[in-house]
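sharing a sequence plus its predicted fold:
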2 protein chains.
Amino acid sequence: MPDSVPSDSVGIVSPQTIAFNTPLELACGQTLEEYELVVETYGTLNEDASNAVLICHALSGHHHAAGYHCADDRKPGWWDSCIGPGKPIDTNRFFVVSLNNLGGCHGSTGPSSINPATGKPYGPDFPVITVTDWVHSQARLADRLGIQQWAAVVGGSLGGMQAMQWSLSYPDRLRHAVIIASTPKLSAQNIAFNEVARQAITSDTEFHDGRYYDFDTVPRRGLMLARMVGHITYLSDASMGEKFGRELREEAFKFGYDAEFQVESYLRYQGERFSETFDANTYLLMTRALDYFDPAWHTEGDLARALTPATCEYLVLSFSTDWRFSPARSEEMVNAMISARKKVSYAEVDAPWGHDAFLIPTPRYTDIFTAYMGRVARETGA
Amino acid sequence: MPDSVPSDSVGIVSPQTIAFNTPLELACGQTLEEYELVVETYGTLNEDASNAVLICHALSGHHHAAGYHCADDRKPGWWDSCIGPGKPIDTNRFFVVSLNNLGGCHGSTGPSSINPATGKPYGPDFPVITVTDWVHSQARLADRLGIQQWAAVVGGSLGGMQAMQWSLSYPDRLRHAVIIASTPKLSAQNIAFNEVARQAITSDTEFHDGRYYDFDTVPRRGLMLARMVGHITYLSDASMGEKFGRELREEAFKFGYDAEFQVESYLRYQGERFSETFDANTYLLMTRALDYFDPAWHTEGDLARALTPATCEYLVLSFSTDWRFSPARSEEMVNAMISARKKVSYAEVDAPWGHDAFLIPTPRYTDIFTAYMGRVARETGA
């Protein structure tokens, strides 16, 4: 953290754990009898609870979206650029709720949690969770917090899928859905990259069929590879080129297979760091949630028809160099929304950073996001 | 093979092994005292040896470019679509030479060959080979075959890099260089994908620091992952979508991590098959040859200046949906060739198959390639 709390930061924040004891029926047919969600909130809920904004996280995200956990924290929460006083999601006006999703590995009940039935970590016995399951669990969280209707549900990437699903599963419980750098469903190429990541994890000899906790080990190499391949898809070719080019770490080729190019050591470092902090079973689960998401599954691929129940207003944003979920994928959504006669605002933002652009403030992105959320605030009395 | 040899096939062909005993100095500083190259030839060398065409292969290629090894062969050589009587590289006119590169695993001396110094497979002691080293070894092959000057040196992808390097290392030993779906150097993203592949292989517990031959095993899972991630980059998002979409293997989600989508089982199958036939150390070597290729390395990145020695004529071809080596990368080459006042013909061919398009005949590709090679034949008396 900087020496003093920046004026546009939510400051020091503390997560809280909320326990749920009503069984949750899941899409897979299994039921989770009890579970916990770890949550952070920023700002103040107003009297009629009309100013609440839900933040949905992406593949490797968690509840810590803004501010610092302590004065020694080197970095703030993952979306601190967009959440805080005067920022697009203005905590002077909104009460912001951010959670670690079910199946996560940052405190909410997931594969690494103790299964009450066995007294051991769930591991591979933890059920596969879908985007719809998350939305149901988030609706219970809203109940618990006394929030009948969100001013907005907001998310990037996999988080955007949750925002879209909210508009279909609980149409009268949100006024706005903000869907950033997302897609109405994965392409075959998207699924293929996920499959490589899963194969890397499950083929690691330390994976032990997902019961690595019992062996006091983790499939570190597999997770590292999964993160490396994922990371490439988060960046644009151009931004990688600008950041690393073909720069060598030393002056000449070494004619071997150690990391020689800067991009190699960067990727290895990212992969290694990730493999020390993220749970492999959660990674599998998150990628499968991505694969399965397809709101038009039950309408023979007709997304406009799938959107029929929605009553909220949408903001859809995409980024010009995002090749993971390209602007064309956002436009599929927007076109379906227009066909279905929904209210939708759309912008493709020019930004060089590929998919990661949704995490990086740029003037146009910030301006559009701020303007839209300002309108949400005015409409909802926030 | 079909019941009878098709009229546009070179028919049944046999590889031959050619031994070299003059030490070959390599870019890495090591010297290969002796080595063998496996070669196939198609067509007949004319009296003044002016009709020879050299085929350079890509990452996983080999000497068997056209025809069948026996009547039971299910598939012909890897570039049979372009080599044969009446095909773009017309074996009625040209004498075609195709080899397995040094460091390969299809018969030419490589990491899995016996190191005469130890009586064991080279493994990690096999030197890192560069594109320039290959060109030098191919020049000796030309000497042995009595070919002073190639009518054309032709290659796709990594093969195209060899064609370009020929024009710089031995300018008066080729009349034409045909560079297809290639690039003047890898981008950071290209290197990053190679690095994921290498990490997958070297982190496999069966890799044994490259001495897996001694342990009677192979890093099968690592090679499989390397191939899976490579394969994704060979196809376009659209062609994967067309081929597999989000099709399931069964009717409903199974809510697990087994292969459920068609694209998952396809990739696994491709990866598994590859891991049974390809050598892991060769894969490392081929990817490093790709990484290192950069003819403008010695001219401070000025490719036009690097091209100064070239005297051949160039044909450069790219494919619209190739995102591994996009048309923009070919255009970098073409622009440098024009700046350097070289003769160059260029076409970007519309084709949906991504990088793999160079292996797949399409009318425009075939027409341009045929027309150009026809001119080569007329000019060289082939």
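Noted; the coordinates are in hand.

isn't A:Ala310 up against A:Ala340?
Yes: in terms of CB atoms under 8 Å, A:Ala310 counts as a neighbour of A:Ala340; the distance is 7.3 Å. Where C-beta positions appear, they are placed from N, C-alpha and C, glycine not excepted.

what sits against A:Ser113?
A:36, A:121-122, A:126 (CB atoms under 8 Å, 6 or more residues apart in numbering or on different chains).

what packs against the helix or strand where A:Glu40 lies?
Per DSSP states H and E, A:Glu40 falls inside strand A:35-42. The helices and strands touching strand A:35-42, judged by 3 or more CB pairs under 8 Å, 6 or more residues apart in numbering or on different chains; DSSP states H and E, are strand A:16-20, strand A:95-99, helix A:131-145.

what's the angle between that strand and helix A:131-145?
Relative orientation of strand A:35-42 versus helix A:131-145 (axes from the mean of the first three to the mean of the last three CA atoms, to 10 degrees): 70 degrees.

returning to that earlier point: the more surrounded of A:Ala310 and A:Ala340?
Neighbours were counted for A:Ala310 and for A:Ala340 using other CB atoms under 10 Å in any protein chain shown; A:Ala310 has more, 21 against 17.

before we move on, what SS does A:Ser167 have?
helix (DSSP: H, G, I helix; E, B strand; the rest coil).

just the contacts of A:Ser113: which are in strands?
The strands, defined by DSSP state E, take in A:36, A:121 from those.

ok, so of the contacts of A:Ser113, who is nearest B:Tyr212?
A:Pro121 (33.4 Å; CB to CB).

for that closest one, what are its contacts?
A:Pro121 neighbours (CB under 8 Å, 6+ apart): A:111-115, A:211, A:213-214.

mind running it again at 10 Å?
A:110-115, A:210-214, A:279, A:281 (CB atoms under 10 Å, 6 or more residues apart in numbering or on different chains).

mind checking the longest helix of chain A?
helix A:363-380 (DSSP state H).

where exactly do the strands run in the stretch 251-382 of chain A?
Applying DSSP state E, counting those that start in this stretch to the stretch 251-382 of chain A gives strands spanning A:313-319, A:343-349.

just the ones you listed: most buried one?
Ranked by mean neighbour count under mean count of other CB atoms under 10 Å in any protein chain shown, these are led by strand A:313-319, which reaches a mean of 25.

what is it packed up against?
Strand A:313-319 is packed against strand A:150-156, helix A:158-169, strand A:174-180, helix A:327-339, strand A:343-349, helix A:363-380, with contacts defined by 3 or more CB pairs under 10 Å, 6 or more residues apart in numbering or on different chains; DSSP states H and E.

show the average pLDDT along it.
Averaging pLDDT along strand A:313-319 gives 98.

and the residue of the stretch 1-150 of chain A that's closest to chain B?
The nearest approach of the stretch 1-150 of chain A to chain B comes at A:Cys28, 3.7 Å away (CB to the nearest CB).

picking that back up, hey, which of the helices and strands packed on strand A:313-319 is tucked in deepest?
Highest mean neighbour count among these (mean count of other CB under 10 Å): strand A:150-156, a mean of 29.

I'd like to know which elements that one is packed against.
Counting by 3+ CB pairs under 10 Å, 6+ apart, strand A:150-156 packs on strand A:52-56, strand A:95-99, helix A:131-145, helix A:158-169, strand A:174-180, strand A:313-319, helix A:363-380.

partner strands of the first one, parallel or antiparallel?
To tie it back to what came earlier, the one meant is strand A:52-56. Strand pairing for strand A:52-56, determined by DSSP bridges: strand A:95-99 (parallel), strand A:150-156 (parallel).

how far out from the middle of the chain is that strand?
On the basis of CA atoms, centre = their mean, to the nearest Å, strand A:52-56 sits 12 Å off its chain's mean C-alpha point.

flag every residue of the stretch 251-382 of chain A that's near chain B.
Residues of the stretch 251-382 of chain A lying close to chain B by CB under 10 Å from any CB of the partner chain are A:252-268, A:271, A:281, A:284-285, A:287-288, A:291-292, A:294, A:297, A:301, A:323, A:326, A:328, A:354.

one more time with 7 Å
A:253, A:255-257, A:261, A:263-264, A:267, A:284, A:288, A:291-292, A:294 (CB under 7 Å from any CB of the partner chain).

the stretch 101-250 of chain A too?
Residues of the stretch 101-250 of chain A lying near chain B (CB under 7 Å from any CB): A:128, A:185, A:187-189, A:191-193, A:195-196, A:198-200, A:202-203, A:205, A:221, A:225, A:228-229, A:232, A:237, A:240-241, A:244-246.

phi, psi for the nearest residue to A:Pro127 once chain neighbours are set aside please.
Distances taken as CB to CB, 6 or more residues apart in numbering or on different chains put A:Gln30 closest to A:Pro127, at 4.2 Å, once the chain neighbours are dropped. Torsion angles at A:Gln30 (phi, psi; degrees, to the nearest 10) stand at phi -80, psi 170.

cool, A:Ala188 as well?
Torsion angles, degrees, to the nearest 10, at A:Ala188: phi -60, psi -40.
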